[in-house]
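Chemist: no sequence for this one, just the structure:
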């Protein structure tokens, strides 16, 4: 099932690309299937709607099919987003792996692969690695090199979304300020969107649950702890500088002697993340070489081993996870008071391995948070699991393509292709 795409607001009625964007997004969101629907929703005349729709159909972004009908007159044209108008590329990166996905505009996955990869290798090698993998996937799926319309990159660290780069990421040495979007845009000749991976997870979860469950507060527990917040209208809240949701570095009470990888002491991430639990509760000698940077192969191996023991139900690991859930629950309760979400989602492999962390979070939240904030609150595990960031990236990529800027670029490319073939664009 495809994730829900957001319908646009009123927008400009004068700029052609803004009008075409609104039309395309209404169709993609399922709000409008016919030109009469579009005229009613936008307030534009039938002739204006006809012109703009025809531009989008001619460019191949919308499909127009004659609707079956037994009535008199010309059958209505049923509109839909054209899945074959291009592809969205998705690079979902973690500290120790890279997932590359090629999807069409209807969110159908055409090709994908997941491979071991250490972000500590640095941005130059990583981006070359991604370029090679995507070239292979496009060839495998039989997709021409000029069909990627947008590339979305999820990074496990703070991201300056406007500049498309990581900012002081703790587990990504050498990535601070590196122009990820600029380098990849030159490689693929398409827009590149770079975002925090937890933001993408939150967006994917929020666009999959029913709209009445928004706002959604998403928390993930892994090598670190992060969060994303999706507003009632389905949009991400990134904050003024893209730092919203970095809850892993909120100070936990009574932990002044615990040093976090960020350099401060007492961060909830240093107490309750899977990486921290694995380092503190590894068997003697098993964690040698694993350190607080969470960027080494030894640290990854320690986490895998800890999760294995947790799945086996070993008592020390269960107790540790329950204590971590109680600590995390204190922070989540604070966030609920500030944000008042309708739905809290907790994700990560530790949640998939055992119900104990989620249960502990629930217990603390319902005990600590005020009744008004929890009256209709639900707290659940992730529905999408490991696919959450991929789904969020699809949504982000398609909605960018259907934005006024994306529509303008799409139509310009279509005009250039027509000119190269010797055609004369009608627009």
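Modeler: Structure received. Since the model is a prediction, treat every value here as computed from it, not as a measurement. Residues are numbered from 1 along each chain as shown.
Chemist: make it CA atoms for all contacts and neighbour counts henceforth
Modeler: OK.
Chemist: list of residues touching stretch 381-388?
Modeler: Here stretch 381-388 makes contact (Cα atoms under 8 Å, 6 or more residues apart in numbering) with 200-205, 345-348, 351, 358.
Chemist: out of those, list just those in strands.
Modeler: Residues of the contacts of stretch 381-388 located in strands (DSSP state E): 345-347.
Chemist: next up, the contacts around residue 112.
Modeler: With contact taken as Cα under 8 Å, 6+ apart, residue 112 is in contact with 99-102, 137.
Chemist: rewinding a little: out of the ones in strands among the contacts of stretch 381-388, which is most surrounded?
Modeler: residue 347 (26 neighbours; other Cα atoms under 10 Å).
Chemist: check contacts around that one.
Modeler: Residue 347 neighbours (Cα under 8 Å, 6+ apart): 218-221, 381-382, 385.
Chemist: check it and give its pLDDT.
Modeler: Turning to residue 347, the model gives it a pLDDT of 96.
Chemist: let's have the chain start at 10 instead
Modeler: Right, with 10 as the first residue, what we last looked at is residue 356.
Chemist: now it. Nearest residue, chain neighbours left out?
Modeler: residue 229 (4.5 Å; Cα to Cα, 6 or more residues apart in numbering).
Chemist: next secondary structure element downstream of the helix or strand the one you found falls within?
Modeler: Following DSSP states H and E, one finds residue 229 within strand 225-230. Sequence-wise, the next helix or strand downstream of strand 225-230 (DSSP H and E) is strand 234-239.
Chemist: Provide the strand pairings for that next one, with the direction of each partner.
Modeler: strand 225-230 (antiparallel), strand 245-246 (antiparallel) (DSSP bridges).
Chemist: which outside residues touch it?
Modeler: With contact meaning Cα under 8 Å, 6+ apart, strand 234-239 is reached by 207-208, 210-212, 215, 223-229, 245-247, 253-257, 277-278, 281-282.
Chemist: could you give the mean pLDDT of that strand?
Modeler: 96.
Chemist: ditto for stretch 419-429
Modeler: The average pLDDT within stretch 419-429 is 68.
Chemist: picking up where we left off before, hmm, the residue nearest to residue 356 is touching residue 355, no?
Modeler: Yes. At 5.7 Å, residue 229 counts as touching residue 355 under the criterion of Cα atoms under 8 Å.
Chemist: what does residue 185 show for phi and psi?
Modeler: phi -60, psi 120 (degrees, to the nearest 10).
Chemist: that one against residue 177, yeah?
Modeler: Yes. Counting by Cα under 8 Å, residue 185 touches residue 177, with 4.9 Å between them.
Chemist: can you list the buried residues in whichever helix or strand residue 133 is part of?
Modeler: Residue 133 belongs to helix 132-150 when assigned by DSSP H and E. Residues of helix 132-150 classed as buried: 132, 135-136, 139-140, 142-143, 146-147 (neighbour count, 16 or more other Cα atoms under 10 Å).
Chemist: most tightly packed of the strands paired with strand 234-239?
Modeler: Of these, the one with the most neighbours on average (mean count of other Cα atoms under 10 Å) is strand 225-230, at a mean of 27.
Chemist: chain center to it: distance?
Modeler: Centre-to-centre, strand 225-230 and its host chain are 12 Å apart (Cα atoms, centre = their mean, to the nearest Å).
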